[in-house]
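[1] Sequence and computational prediction follow.
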Amino acid sequence: MDTKSVLKEALQLRPAKRLQLIEMLTRSLNKPDENIEKIWAEESEKRYKALEEGKIKTIAFKEIIERYK
């Protein structure tokens, strides 16, 4: 089944069913990559530990905003 025929059938659905289809398609595109999620979790733990140990410092949000005005 090609894209045009799928679209033609989808357009025959009632609005609520079309919205449901859109949500399902969107969710299918947003599935997280477990490997990337694991890497980010490890990285966030490293950054938090470095912050707690005083190895890195934070910058106030206002200072960042001022810097890029």
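    Noted; the coordinates are in hand. Every value quoted in this text rests on a predicted model; they were computed, and no experiment measured them.
[2] how much space between the residue sitting nearest the centre point of the chain and Met24?
    For the chain, the residue nearest the mean C-alpha position is Asn30 (6.8 Å; C-alpha atoms, centre = their mean). Separation of Asn30 from Met24 (C-beta to C-beta, to the nearest Å): 11 Å. All C-beta atoms are positioned from the backbone trio N, CA, C, and that covers glycine.
[3] go on, Phe61?
    Using C-beta to C-beta, Phe61 is found at 37 Å from Met24.
[4] What of Lys31?
    Plainly put, Lys31 is 12 Å away from Met24 if you go by C-beta to C-beta.
[5] One more: Lys17?
    10 Å.
[6] quick one: low-confidence parts of this structure?
    Residue ranges of the chain with pLDDT under 70: none are present.
[7] ok, which stretches of it are strands?
    Applying DSSP state E to the chain gives no strands.
[8] can you name the farthest residue from the center of it?
    Gln12 (30.7 Å).
[9] where along this protein do the helices fall?
    3-10, 15-29, 34-52, 61-67 (DSSP state H).
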